[in-house]
Every structure is written in structure tokens, then in C-alpha cells.
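**Student:** Sequence below, structure please.
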Amino acid sequence: MGILYVVPTPIGNLEDITLRALRILREASLIAAEDTRTSRVLTRHFDIATPMTSYHEHNKLSKLDQILSALATGDVALISDAGTPGISDPGSELIREAIARGYDVVPLPGASAITAALVGSGMLMDRFLFLGFLPRKASALKALLGQLANEPGTIIAYESPYRLTDSLQAIAEVLGGGRAVCVAREISKKFEQFYRGSAGEACDYFLRENPRGEVTLLIAGAPPTESRWPDEQVIVALNERISAGESLSAAAKALAKEAGWSKSDVYQLGIKKD
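**Tutor:** Numbering: from 1, shown residues only. Below is the predicted model of the structure:
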């Protein structure tokens, strides 16, 4: 019975691969790769001749049994295009199924955009929340940000460079333009960049600069508040503002910071009282 090795691969510079990873890739009977074309650049560079098969989002159902069958007679090395397999890719399903069928799963430490971006951001590092890829729809993204408005830990997510400015605008709108962010771009590559600033500043910057490449977005945790108003106090203040002619949306926005609530939570409270 073989072992499923989870092998991190470089996220940029090929020198980031470990000696142990190279040995496992050479000794395994099969490499399961997210994209064989990308992975062959790596194996050719290091003269690795191990047979390789593809395993990605679009063929995972048909390939799962094939890879598990290979585990019955030898070791399999699971790799992704870059970084640690299983993080926001179909490798997680293969890992779970291998465990369910009684195979040993051995993860190797190595390259990860999450940890590299976190330590390079300068933000809080002893507590963080990883979201994977952010929602594509603006409404879903704003709803998610509203739920996390009071999260004290650093928030980490993957983002497309084509949606980065939209996401930064949403952050500024929901969490405030002054909320600190870090855009870690092209980590470990030639044009690596860590942009650190407020959400508003970052949005303006990347609207001008047209970002490219792989992006990891970090959002600073919510600043500690001295006190959070109870529901009853928020309702009274909300009623006063609405009675004075403010809309529910405007009143919620004005009260949020003062009450220690997120705008979305104040708004929802206003809807419920009606």
C-alpha cells in the first residue's frame, strides 16, 4: 500500500523547492499534477522522469479512482501548479478520499502564498482567517465583508488582478476607506510587490497601475472598540435619525462606527424592528 505525499512546489522562484520534495518526486511511482504542462517545466528543470497524470477541477471525478488505484501499488506525489496542494484546488478532495480509504497521507512543508503574504504584510500574524477566493458577485462580496467587519484577525484571500480594484472598493465601502490592506502580488517572482496602505489608497493606486499576475489580498483585523452598544441603544438612535428624515441606509452608516457595529448589522437591525 502506497503513501499519498502532498508536495508543495515553488510559487515563483524554482529555488524555493525543498530537497525532500525533489526526492519524493523522483521516488514516487506517479505524480498527480493540476496542470501537466506547468508541472513539466519543474520536472524538466530538475531532471525528474516520474510518470505524470493530470488531476484538476474538470477531470477530478474521472481521475480519482485511477490515482487511488495507483496508490494500491506505489507512492503518489500530489502537486498543484504552485504552492501547497489542497488550498483552493481539487487536491483537497483527493486527500480526503485517500484518508477515508485508509491510505497514509504525508504532507511536506513548503511554499505557500498565504504564509509568505502574511509575514510580508506586517499585519497581525498570530491570528488570521483564510477565505480562499473572494466571491465574484458584488452583493455576495459585500455581504461577506459585512459578516467579517468585527473580525479581529488578519483576513487573507486570493483575488484575480482583474477584480482587485472592485474588491478594494467594496472593502472601502463596507469596512471603511481607512482600513489597512496589503496587496501581495507575484510573490517570489521577478516583479514581486507588497503594496501596504489603506483600502482607499490601494484602490486609487491600482486603478492607475493596472495590476497583473497572482494576487493575495490581506485586510487588517478590526480595531478594538472600547464598547459595543446594546441592541436597544442602537434602535433608539436609529429611530431618532430616521424620524429626523435620514434613510435607513444613511442612518446605519452614520451609527456603525459610533456604536461599534458594522453598517450591515445596524441596517439588518433596522429592518427587523420594522
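
**Student:** Let me know how buried residue 44 is, in neighbour terms.
**Tutor:** 10 (other Cβ atoms under 10 Å). C-beta coordinates here come from the backbone N, C-alpha and C atoms, glycine included.

**Student:** what comes into contact with the helix or strand hosting it?
**Tutor:** According to DSSP states H and E, residue 44 maps onto helix 36-45. Identification of contacts with helix 36-45 by Cβ atoms under 8 Å, 6 or more residues apart in numbering yields 9-10, 14, 17, 25, 31, 33, 48-50, 52-54, 79, 81-82.

**Student:** what do you get for stretch 120-137?
**Tutor:** 87-88, 114, 118-119, 141, 144, 148, 151-160, 163, 167, 180, 182, 184, 187, 194, 196, 217-218, 220-221.

**Student:** Can you show me the helices along this protein?
**Tutor:** With DSSP state H as the criterion, the chain has helices at 19-27, 36-45, 60-71, 91-100, 113-121, 138-147, 164-175, 199-209, 231-243, 248-259, 263-273.

**Student:** Tell me how confident the model is about the longest one, as a mean pLDDT.
**Tutor:** Helix 231-243 shows a mean pLDDT of 88.

**Student:** Can you name every helix or strand that that helix contacts?
**Tutor:** helix 248-259, helix 263-273 (3 or more Cβ pairs under 8 Å, 6 or more residues apart in numbering; DSSP states H and E).

**Student:** Likewise for the first one?
**Tutor:** Here helix 19-27 touches strand 76-79, going by 3+ Cβ pairs under 8 Å, 6+ apart.

**Student:** Would you mark the buried spots in the strand it packs on?
**Tutor:** Across strand 76-79, burial judged by 16 or more other Cβ atoms under 10 Å covers 76, 77, 78, 79.

**Student:** Would you mind confirming that the third one makes contact with residue 89?
**Tutor:** Right, the one you point to is residue 78. No: counting by Cβ atoms under 8 Å, residue 78 does not reach residue 89; the two are 9.8 Å apart.

**Student:** how long is stretch 107-114 from one end to the other?
**Tutor:** 16 Å (Cα to Cα, to the nearest Å).

**Student:** again, but for stretch 82-93
**Tutor:** For stretch 82-93, the end-to-end distance is 17 Å (Cα to Cα).

**Student:** if we look at that stretch, which residues are touching it?
**Tutor:** In contact with stretch 82-93 (Cβ under 8 Å, 6+ apart) are residues 6-12, 34, 38, 55-57, 60, 64, 78-80, 95, 107, 110-114, 130, 132-133, 158, 214.
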